[in-house]
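Participant: below are the sequence and a predicted model for it; my questions follow.
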Amino acid sequence: MRKCIFWLVLAVFFTGCGGGNKSVFTDEKLADVPFAQRTGLPQPSGGFVLTVGGETITADEIIEPLVRYLEPVARQTDFEQFAAQARPQIEQMLVNRISNILLYKKAKDDAGEQIEEALKKIVDAEVNKFLVSFEGDAAKAEQALKEMNMDWKSFREYQKKMILSQSYMSSQLPEEAPITHSQLLDAYNRMKNEFFVTPAILKFQLIDIQTAKMQKTGSKKSELELARELADKLIKKINAGEDFGELAGQYSHGHRKSVGGLWKPVKPDSLAQPYDVLAEYAEKIQPGQIAPPIEVQGHIFIMKLLEKQSESVRPFEQVQTQVEAQVNLDRRRKAIDEFSIKIAQQAAFDRKYEFVSYCLREIYRISNQ
């Protein structure tokens, strides 16, 4: 029965390969689905090698991708502190490598030799999609593969292992239990602040009259009095139908005068002084209206409100499908993690601690050269 399910999963995967031109071989896939096991690699001189399921895991495979992430820690701490922080990451990467090797071996043993022809067709489709993603330019595609330390042969092997391993894992995972309404509501409450909030937004034009930039030109009036007179004059012009943007370009001292005083949409709570007072006045008027002159910290602002949007949260009823999909995804990720750990635990290594310690020493040495 289990083998029937496995073949059904693979059949669904295969029939889905025809849609769209987007290749499954992306940087995101390479990062999240570590099924690309490189076989036949030469053993590094003086390096450390583990053998799992007939394949080798070299220390270089663990060290190289981790150096750039762990280098800052290695440079700022002594070795004992570095080892305490870095060991769990190295052990996790080693577990991933082990579980992927054993997972592929189990998948191939379960599928049997007859799977090869079906896999070849799927891999051919993925190769074609990868080429299409580069508009059929084989040279560009080969360059992309080279940057990922692959050629066409290793790419095909990667695709074969990923497809077979994913299909096998899907057939082994337990059936998903129904999600209760209360579980969906709990998930919605956890997610809503990050995913379902529409922030408050203000969009406006501004004439920014700055008292320090008023020219007295022989007048006995203060800069503030002159600024107030100018503001009153401009209000009358605006009420008489003159274009706000043109007036802003002519009279405003603000940094947005060149674009008619137009501000891009901003969050009210993101406005710095002295502009933060504008949010308060925006609450009192409607889009299209002009706020009365606003005096604050050496400025007199004339604001035309263009758009105002209050913060809102999309209700549960509108996003229930999205919440349910996220709950199912989280459950699947957890099941896959548990399954991968279970697979990796089937391989016992006397030299695991020594292997990880070697990687720690090498990363620390390379980072501090």
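Facilitator: It's in.
Participant: before we move on, what SS does residue 136 have?
Facilitator: On the three-state scheme (DSSP: H, G, I helix; E, B strand; the rest coil), residue 136 is labelled coil.
Participant: mind checking the longest helix of this structure?
Facilitator: Using DSSP state H to define each element, the chain has its longest helix at helix 79-111.
Participant: what are the bridge partners for residue 313, then?
Facilitator: Counting by DSSP bridges, residue 313 forms beta bridges with residue 197.
Participant: quick revisit: just checking, what packs against the longest helix of the chain?
Facilitator: Contact analysis of helix 79-111 by 3 or more Cβ pairs under 8 Å, 6 or more residues apart in numbering; DSSP states H and E lists helix 2-15, strand 49-52, strand 55-58, helix 59-76, helix 152-172, helix 316-345, helix 352-367 as its packing neighbours. Any C-beta I mention is one placed from the backbone N, CA and C, and that applies to glycine too.
Participant: between that helix and helix 152-172, how many degrees?
Facilitator: Calculated by axes from the mean of the first three to the mean of the last three Cα atoms, to 10 degrees, helix 79-111 forms an angle of 80 degrees with helix 152-172.
Participant: switch the helices and strands packed on helix 79-111 over to JSON lines; also include mean pLDDT.
Facilitator: What follows is the helices and strands packed on helix 79-111, written out as JSON lines (pLDDT from 0 to 100):
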{"stretch": "helix 2-15", "mean pLDDT": "41"}
{"stretch": "strand 49-52", "mean pLDDT": "78"}
{"stretch": "strand 55-58", "mean pLDDT": "83"}
{"stretch": "helix 59-76", "mean pLDDT": "90"}
{"stretch": "helix 152-172", "mean pLDDT": "79"}
{"stretch": "helix 316-345", "mean pLDDT": "84"}
{"stretch": "helix 352-367", "mean pLDDT": "90"}
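Participant: looking at the ones you listed, which is closest to residue 215?
Facilitator: For those, proximity to residue 215 was assessed by Cβ to Cβ; helix 59-76 is nearest, at 53.9 Å.
Participant: buried set for the closest one?
Facilitator: Within helix 59-76, the residues that count as buried by 16 or more other Cβ atoms under 10 Å are 59-63, 66, 70, 73-74.
Participant: now stretch 97-114
Facilitator: Residues 97-108, 110-111 are the ones in stretch 97-114 that count as buried (16+ other Cβ under 10 Å).
Participant: quick one: average confidence on that stretch?
Facilitator: Taken as a whole, stretch 97-114 has a mean pLDDT of 76.
Participant: one step back: next, the buried residues of the very next helix or strand once past the longest helix of the chain.
Facilitator: Where DSSP states H and E defines the elements, the next helix or strand beyond helix 79-111 is helix 115-132. Under the neighbour-count criterion of 16+ other Cβ under 10 Å, helix 115-132 has 115, 118-119, 122-123, 125-127, 129-131 buried.
Participant: swap in stretch 328-344?
Facilitator: Neighbour counts over stretch 328-344 (16+ other Cβ under 10 Å) mark 336, 339-340, 343-344 as buried.
Participant: now distance to residue 284 too, for these, in CSV please.
Facilitator: Formatted as CSV, the buried residues of stretch 328-344 follow (distance: Cβ to Cβ, whole Å):
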residue, distance to residue 284
336, 54
339, 59
340, 58
343, 64
344, 63
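Participant: got the angle between the longest helix of the chain and helix 352-367?
Facilitator: Using the same axes, to 10 degrees: helix 79-111 against helix 352-367 is 120 degrees.
Participant: so which strand or helix has residue 248?
Facilitator: Take DSSP H and E as the rule and residue 248 turns out to sit in helix 244-251.
Participant: quick check: mean pLDDT of whichever helix or strand comes after that helix?
Facilitator: As assigned by DSSP H and E, the chain's next helix or strand after helix 244-251 is helix 277-282. Average pLDDT, helix 277-282: 94.
Participant: helix 277-282 - contacts with which helices or strands?
Facilitator: Using 3+ Cβ pairs under 8 Å, 6+ apart as the contact test, the elements touching helix 277-282 are strand 201-210, strand 294-296, strand 299-309.
Participant: let me have these in a markdown table, adding mean pLDDT, mean neighbour count and distance to residue 227 as columns.
Facilitator: A markdown table is the format used below for these (pLDDT from 0 to 100; neighbours: other Cβ atoms under 10 Å; distance: least, Cβ to Cβ, whole Å):
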| stretch | mean pLDDT | mean neighbour count | distance to residue 227 |
| --- | --- | --- | --- |
| strand 201-210 | 96 | 21 | 5 |
| strand 294-296 | 95 | 16 | 8 |
| strand 299-309 | 96 | 20 | 5 |
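Participant: want to throw these into JSON lines with distance to residue 243?
Facilitator: Output for the helices and strands packed on helix 277-282, formatted as JSON lines (distance: least, Cβ to Cβ, whole Å):
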{"stretch": "strand 201-210", "distance to residue 243": "10"}
{"stretch": "strand 294-296", "distance to residue 243": "21"}
{"stretch": "strand 299-309", "distance to residue 243": "11"}
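Participant: was I right about residue 75 contacting residue 365?
Facilitator: No: at 11.9 Å, residue 75 does not count as touching residue 365 under the criterion of Cβ atoms under 8 Å.
Participant: so who does residue 364 touch?
Facilitator: Neighbouring residues of residue 364 by Cβ atoms under 8 Å, 6 or more residues apart in numbering: 74, 79, 82-83.
Participant: apart from its neighbours in sequence, what residue is nearest it?
Facilitator: Closest residue in space to residue 364, ignoring its immediate chain neighbours: residue 74 at 4.9 Å, by Cβ to Cβ, 6 or more residues apart in numbering.
Participant: isn't that neighbour up against residue 82?
Facilitator: Yes: Residue 74 is within contact range of residue 82, at 5.1 Å (criterion: Cβ under 8 Å).
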